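Asks: what shape does this take:
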Amino acid sequence: MTRILLEVCVDDAAGIAAAAAGGADRIELCAALALGGLTPSAGLMRLAAEGPLPALAMIRPRAGGFVWSEDEARAMHTEIAAVRAFGLAGVVIGASRPDGRLDEGTLARLVEAAEGLDVTLHRAIDLVPDVAEAMAVCVRLGIRRVLSSGGAATAPAGIGRLAAMAAAEPSVTVMPGGGVGAANAAALAARLPLREVHASCSTPVPPPADPKVREFGFQPADARATDAGRVRDLRAALDRIATA
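Replies: Next up is the predicted model:
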């Protein structure tokens, strides 16, 4: 088996450094991972562009679902333009209809705006009622990678749906994400054509020295940070799978 690519999601400068130090192949660059990831700031985009790893920037202007207004879609186009201007490798996008199906029209416009960039469809696909239909949309739009937990809280729990997605459109890489780590990578590889994985590789952040930082809501109680050791452990587990 060829090398399995490891993508680590990060939302700050320390995360960029930790992902690189642990042996990640690529980063998903976000703001506010505690909210599932939002569009990163211009400053963070510049830092990532200067870093050693290719970075795909999350394009998500707010928390919540993925049914976008026209104004939000316009904002996303501007964010994609910023990704291009900073020289990042690509974008992570998604758009839903109110019934959960992919919004093919909005996605087509985003893909057009991202022409020449690497494109991942994010976990909006976990909300769709028909994964075969959604994978067919990806093929029509030229999206060759989807990030998914298989419609479950974690990728191991959604392994059956992930396998169905991979079987529906073998030309599209199904990248499991959500609860992925060194301990369950082999189980995922046993059920999937595992070419890429997505993980946070994070650990809880210690309480702030000044308790007012948490008291005032400047740091959530469940804050987490990318851990180079966990990245390294997952990288080693993936390498063992590839050489088995």
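
Asks: quick check: mean pLDDT of the lengthiest strand in the chain?
Replies: For the chain, the longest strand by residue count, based on DSSP state E, is strand 5-10. Average pLDDT, strand 5-10: 98.

Asks: pull out the buried positions in that strand.
Replies: 5-10 (16 or more other Cβ atoms under 10 Å). C-betas here are computed from N, CA, C, even on glycine.

Asks: tell me the one among these nearest to Asp222.
Replies: Nearest to Asp222 among the buried residues of strand 5-10: Cys9, at 15.9 Å, using Cβ to Cβ.

Asks: the closest one and Ile59, how far apart?
Replies: 14 Å (Cβ to Cβ, to the nearest Å).

Asks: now the protein, which segments are flagged as low pLDDT?
Replies: 1 (pLDDT under 70).

Asks: quick one, strands of it?
Replies: Under DSSP E, the chain gives strands at 5-10, 26-29, 55-58, 90-93, 118-121, 145-148, 173-176, 196-199, 202-204, 224-226.

Asks: of all those strands, which one is nearest Pro129?
Replies: Of the strands of the chain, the one closest to Pro129 (Cβ to Cβ) turns out to be strand 145-148, at 14.2 Å.

Asks: I'd say Met45 and Cys30 touch.
Replies: No: applying Cβ atoms under 8 Å, one finds Met45 not in contact with Cys30, separated by 10.9 Å.

Asks: give me the common contacts of these two.
Replies: Ala57 (Cβ atoms under 8 Å, 6 or more residues apart in numbering).

Asks: which of the buried residues of strand 5-10 lies closest to Ala185?
Replies: Nearest member of the buried residues of strand 5-10 to Ala185, counting by Cβ to Cβ, is Leu6, at 9.5 Å.

Asks: correct me, but that closest one touches Glu28?
Replies: No: Leu6 lies out of contact with Glu28 (Cβ under 8 Å); the separation is 11.1 Å.

Asks: circling back to that earlier point, and the longest strand of the chain, what does it pack onto?
Replies: helix 13-22, strand 26-29, strand 196-199, helix 228-243 (3 or more Cβ pairs under 8 Å, 6 or more residues apart in numbering; DSSP states H and E).

Asks: show me what the residue nearest to the spatial centre of the chain is bridged to.
Replies: Taking Cα atoms, centre = their mean, the centroid of the chain lies closest to Glu28, which sits 5.4 Å from it. According to DSSP bridges, the partner residues bridging Glu28 are Cys9, Leu56.

Asks: circling back to that earlier point, nearest to Asp130, out of the strands of the chain?
Replies: Across those, closest to Asp130 is strand 145-148 (Cβ to Cβ), at 13.8 Å.

Asks: which strands or helices does the closest one pack on?
Replies: strand 118-121, helix 159-168, strand 173-176.

Asks: coming back round to it: make a markdown table from the strands of the chain and add distance to Arg214 to it.
Replies: Output for these, formatted as a markdown table (distance: least, Cβ to Cβ, whole Å):
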| stretch | distance to Arg214 |
| --- | --- |
| strand 5-10 | 22 |
| strand 26-29 | 26 |
| strand 55-58 | 25 |
| strand 90-93 | 30 |
| strand 118-121 | 33 |
| strand 145-148 | 31 |
| strand 173-176 | 33 |
| strand 196-199 | 26 |
| strand 202-204 | 13 |
| strand 224-226 | 14 |
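
Asks: for the nearest residue in space to Arg144 that is not next to it in sequence, give me its contacts.
Replies: Nearest non-adjacent residue to Arg144, counting by Cβ to Cβ, 6 or more residues apart in numbering: Val172, 5.7 Å away. By Cβ under 8 Å, 6+ apart, Val172 lies in contact with 135, 138-139, 143-146, 165.
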